[in-house]
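A.B. asks: fold the stuff below for me.
(chains A, B and C)
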Amino acid sequence: MASILSAKNVTKQFGGLTAVNNLSVEIPEQSISSIIGPNGAGKTTFFNCITGFYTPEMGEIVFNGNRIDGLRSDQVTRLGISRTYQNIRLFSNLTAIENIMVGFEPHLKTNWFDAVVRTPRYHKDEQAAHEEAIKFLRFVGLAGLGDQVARNLPYGAQRRLEIARALASRPGLLLLDEPTAGMNPNETLEMMHFIRNLRDSLGITILLIEHDMRLVMGISEQVTVLDFGEKIAEGLPKEIQTNPRVIEAYLGRGAATEGMATAHEMTSKKKAS
Amino acid sequence: MQSYRIRRINWTDLFMWLVGAALLALIIGGSYLTLQQGKYTAVQWFDLAVFGLAQGSVYALIALGYTLVYGILRMINFAHSEIFMGGAFIGYFAATSMQRSGFMEANPYLGIVIIFLVAMTTSVIIAVLLERIAYRPLRGAPRLVPLITAIGASYFLQYVFRGFFGTQNRAYPEIAVIKGTFPLFGDFQIQKIQVIVIIAAALMMAFLAVFVQYTKTGKAMRAVSEDKSVAALMGIDVDKIIVSTFVLGAALAGAAGVLYSFMFRIVTFYMGFIPGLKAFTAAVLGGIGNPPGAMLGGLFLGIFESLGPTLFLDGLGIPAPYQLKDVIAFTMLVMVLIFRPTGILGERLSKTKA
Amino acid sequence: MSTFDWKKILQIGLIGGIVGVLIALVGMVEEFNERDIIAGTLTMGWTMLILTVLVMAYFVAGTVKAHSWLNVAAGALSGAVFSVVMSLLTWMVDSFDLRQTLVNASPSLVKILTFEQGIPNGLITLIVAGIVVGAVGSAIFILPERIRKAVTLGLGMVAFLGLMQDIIQVSLAGFEGLSDAIAWMFGRGIENGLSVAGAITVFLVVSVSNLLWDTNAPKVNARIEKLPQKSRRSLKWFGYGMLFLVIIYLPAILGLYLTEVVNSTGLFILMGLGLNIVVGFAGLLDLGYVAFYAIGAYTVGVLTNLSGELTSSFGWNFWFALPAAVALAVIAGVMLGIPVLNMRGDYLAIVTLGFGEIIRILALSDFLKPHIGGSQGIVNIPPPKFLEVLVNNPQTLYYFIVAGAVLALFTSQRLRDSRLGRSWKALREDEDVAQAMGINLVATKLMAFATGAAFSGLSGSILAVKLGTIYPHSFALLISINVLALIIVGGMGSIPGVFVGGLLLAGVPELLREFAEYRLLIYGALLVVMMQVRPEGFWPEATHKRELHEADEEARLTAEGQEA
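C.D. replies: Numbers count the residues shown, from 1 in each chain, chains lettered A, B, ... in the order given. As a prediction, the model looks like this:
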């Protein structure tokens, strides 16, 4: 399969600390891929490099044939990458609808003159943004909550709203940073179905950072494991589960054999459910 | 589609670099012309430099207050200039009453110590009240909220002093022991008061450095400025440490108020505004949140501001260049924030981290 | 369970006492004592102190949670503490000569605080009065909600009419038929407030009608609801029509002096609308806003003046100079915007503050004196002509200012409801995320600065015409703070809030000359208190209802159906 995003030898340093070290990843088109690794492994930093929040010191990132490292994050978004955040970052005093409408920003052409005079273009844009917002609001199951101020929404709804906002830019690649953080097993399962449905119905590529192994192993078609900013393994979920280096990174040397057992146990549980 | 390289160029950065280059050219060209014309003698330059150093020492003392509070609360205590003014004002009343009763003439040194104590106590009281009433309830509020509070508090204090003590400029009494000059070699001489200001400021800064480095409270302060919640988990009473930070900053500001009024011999309710702004500039210049940086920044700004107008602008034929000294200081603040937001010594804080 | 927390009540009383001392020593009591609210009975100076006790009583009522008599006792206790502190102050001011330091600690303050009864007697009266006001004050807070509201409103109206009496009298002087009624309401003298009878009447009328309205409002609203769509719309248009007529005829109704007040308020509102975009919408705290005001005024001044004192004399027509002034303000806005693009919050505030000072210092300097007049400013700015009408008196200027304000109102409302407005708000909430959503930060921020600067520049141009002369001193930092306070009190990001703030913070002080002295003191206190008590302002920004059109209602129902 062709890859939609390819990172080559990406390195990002903060002072003396190398957060991402010589990392190369290929994300296949229309796949669901995951990046996992212990805390501080550089996963979010890598996301930040992709989305233009950081500029990597070395290496290059190519998305759909465009080189994107070093671009500003709004430019990256306009090329078709959008993201959510580990600790939900909604525009908390805006309503749900307004949040999603902001996400639609890359497709709007209204300038200030249009807005003041209310030209046809203004009406067209506003209507499109509004319709899109309603559409995604329903898509993520928040219909009826559109006029609520984001900070008043329950936690799970905020998560979904954040995804709706990200989807509104009609991305080719969606980056989800720990979408199930703080969720209980049921909600996690729901989120898993939701993500799969997202890919299947919208045909987009999804890259996620996740700690919940059940989710990762359940839906990923490719898993990349980072440790201390370096890639230590990559492949199908099954291969990753049995990879001794991965188990070592998570549980420490010596726990490897025991850890392997746990991983197996996890998959069998998943099958049972 | 534009090429990758073109899209990476940022026209606003380009603009700023051009502005920076133009200013640099102005500074260098102006200085060259001024020096070439030779209108000013070495003695005059020396006087300006010493004056700048003394003024800079005062800025440094005030700047420490900004920097200490910023280091701990990540907020600019806009009302710090009024803490400075309050100290100077009440110190002035101590000075006049002692002068009138003849106490000052009899015990000049004790008198000066009393002025300092009174001023520093006043400043500390203002700062503690400010922290308790205005700032503490706002912990954890959005950043704009404490800032607006601080601006409001600043005006409130200014106009309370105006209401209490009137609008007139009050002339500071002459204290005999700090008048006059020390002769140096040749025509060079140095005013006593400037020497006193520089030495006093240096002593206080040394005290602060020792305090922050070695005392228990100082160590706790550093811990709180690293991470409030972790510090609290370690059993540090964060509120108490924040209060001590305000106290420390205010004591220095009070002392600075006395030194400033010794130097300029005038006290008014709005005297805090400009020195406060300058001290803030100094704090940024040195890297806000970084006490040694504030000292360095203060001294640098003092000298820059004292020599700058004459050195840079006089040669360009600009009349009355000293009127523009504040323009020079603020322009420098902007330039520093753009090209080196970390300041001379500080870490990068003007851009909040994600 | 009732609680009677001695310590807390004493503490509140003490704090109130300190506030009272502060009010007395900054000179407010004395200065405001010239103006009566109720003739010969209650002065504005005393009202300040009574208000303090009422606020205290409110807090006391918060600590006592039950029986009414306990509440009244608690109020009386705190009132006693308050007045004891005030008595101490009075005694000290009387016994020692403090005027060398505290300029307002004067014998006349003692006279006021002792009701001109001399030291022992007056102080006893003072303490008794404190106890009574404290008791009555907390009694108000145990009344049922509805009655309390009516009473507060009635008292507020009495205070308002009492304060505004000279203006009301002057503006109603033309109506012959009313003169007897006015004389009865306000007493005969010009310097007095309401007469006692007038005050009681106003209080009763307002409270009772408020009570009646409160009980009947739902019915009235329901009746309006029931009206057919068409008549409801015509009712709305009728309302707009009335408003329009009032705006048109306002200067004729108000007369010269009041129109002048409205004009200066209007200029502040115009600036407020601009700063509201920068601070309220985009969240960029700009303290150097006055710079654009100055640039607008100076541009008009330089381009149109005929004095010949400046090196370059352009002699432009005002109507050409006006767009130039706005354009220059916009350019200045962008030029300031570029260096501060990457700065946030507090740094932005300080740098813009510095920028405002730079402009003022440059205007004052000898360096630019040949071009813009230095400290003497620019004189002889000719009034513009609009269709052969010379815009040179408050009454004609009024229309000019209203036109400017309406334009600004219209523009900012439309921008708010557009893509740009959403981007600004997103920027205010979270800059990084806004950028990650595809918002171009540079363009969005510069647009905010430019729009804000345009309104301010426009305001400045009108100021130049209004005054005919401009000095650097008209552009002190205080103006920026003034405008900032106005939008914060009104509600950041709220357009109606700008009008509310403008009327409260620019209009009222303009009317009550005594306030001028204490303007910034009050603003400062107001900013601090607002941030703690009501950071969203008196008229908070409204959230838009955008989802529930009919179609979506249907969608919601189906969604609910699915869940069930």
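A.B. asks: what separation is there between C:S108 and C:W91?
C.D. replies: 16 Å (C-beta to C-beta, to the nearest Å). In short, each C-beta sits where N, CA and C put it, glycine included.
A.B. asks: same question, C:Y289
C.D. replies: In terms of C-beta to C-beta, C:Y289 sits 47 Å off from C:W91.
A.B. asks: neighbour-wise, which of those two wins?
C.D. replies: Higher neighbour count among C:Y289 and C:W91: C:Y289, with 30 against 16, using other C-beta atoms under 10 Å in any protein chain shown.
A.B. asks: how about stretch C:7-25 against chain B, any contact?
C.D. replies: Yes. Applying C-beta under 8 Å from any C-beta of the partner chain, one finds stretch C:7-25 in contact with chain B at C:22, C:25.
A.B. asks: now that stretch, how far from the chain's geometric center?
C.D. replies: Relative to its chain's centre, stretch C:7-25 lies at 26 Å (C-alpha atoms, centre = their mean, to the nearest Å).
A.B. asks: again, but for stretch B:28-41
C.D. replies: On C-alpha atoms, centre = their mean, the centre of stretch B:28-41 falls 29 Å from the chain's centre.
A.B. asks: report the mean confidence score over it.
C.D. replies: Mean pLDDT, stretch B:28-41: 81.
A.B. asks: so does it get close to chain C?
C.D. replies: No. Stretch B:28-41 does not reach chain C (C-beta under 8 Å from any C-beta); its nearest approach is 13.0 Å.
A.B. asks: isn't B:M221 up against B:T215?
C.D. replies: No. Assessed by C-beta atoms under 8 Å, B:M221 is found out of contact with B:T215, at 9.1 Å.
A.B. asks: number of residues surrounding the residue in the stretch 201-350 of chain B positioned nearest to chain C?
C.D. replies: Going by C-beta to the nearest C-beta, chain C is nearest to B:F330 of the stretch 201-350 of chain B, at 3.5 Å. As a burial measure, B:F330 scores 23 neighbours (other C-beta under 10 Å).
A.B. asks: how about the contacts made by it?
C.D. replies: Contacts for B:F330 (C-beta atoms under 8 Å, 6 or more residues apart in numbering or on different chains) come out as B:277, B:281, C:354-355, C:357-358.
A.B. asks: ok, now C:Y289?
C.D. replies: Shown in contact with C:Y289 (C-beta under 8 Å, 6+ apart): C:271, C:274-275, C:278, C:352, C:356, C:452, C:456, C:479-480, C:483-484.
A.B. asks: compare these and tell me which is most surrounded.
C.D. replies: C:S456 (37 neighbours).
A.B. asks: right, and it touches C:M271 too?
C.D. replies: Yes. In this structure, C:S456 is within contact of C:M271 by C-beta under 8 Å, at 5.3 Å.
A.B. asks: which neighbours do these two share?
C.D. replies: The contact sets of C:S456 and C:M271 overlap at C:289, C:293 (C-beta under 8 Å, 6+ apart).
A.B. asks: quick one: secondary structure of A:D147?
C.D. replies: Here A:D147 is coil, with the state taken from DSSP: H, G, I helix; E, B strand; the rest coil.
A.B. asks: how close does it sit to chain B?
C.D. replies: Computed as C-beta to the nearest C-beta, to the nearest Å, the A:D147 to chain B distance reads 23 Å.
A.B. asks: about what we covered before: top of the contacts of B:F330 by neighbour count?
C.D. replies: So for the contacts of B:F330 (other C-beta under 10 Å), the most neighbours sit at B:T281, 29 neighbours.
A.B. asks: element containing B:I190, please.
C.D. replies: Per DSSP states H and E, B:I190 falls inside strand B:189-191.
A.B. asks: what does B:F185 give?
C.D. replies: Using DSSP H and E, no helix or strand contains B:F185.
A.B. asks: again, but for A:A7
C.D. replies: A:A7 belongs to strand A:3-14, assigned by DSSP H and E.
A.B. asks: contact partners for the residue of the stretch 451-564 of chain C found nearest chain B?
C.D. replies: Closest contact between the stretch 451-564 of chain C and chain B, by C-beta to the nearest C-beta, is at C:L527 (2.6 Å). With contact taken as C-beta under 8 Å, 6+ apart, C:L527 is in contact with B:148-149, B:151-153, B:155-156, C:485, C:488.
A.B. asks: pLDDT weak spots in chain C?
C.D. replies: Residue ranges of chain C with pLDDT under 70: C:1-3, C:65-67, C:171, C:173-176, C:187-192, C:307-312, C:544-564.
A.B. asks: helices or strands up against the longest helix along it?
C.D. replies: Across chain C, the longest stretch assigned as helix under DSSP state H is helix C:229-275. Judged by 3 or more C-beta pairs under 8 Å, 6 or more residues apart in numbering or on different chains; DSSP states H and E, helix C:229-275 is in contact with helix C:165-172, helix C:394-416, helix C:441-467, helix C:477-490, helix C:495-502, helix C:508-511.
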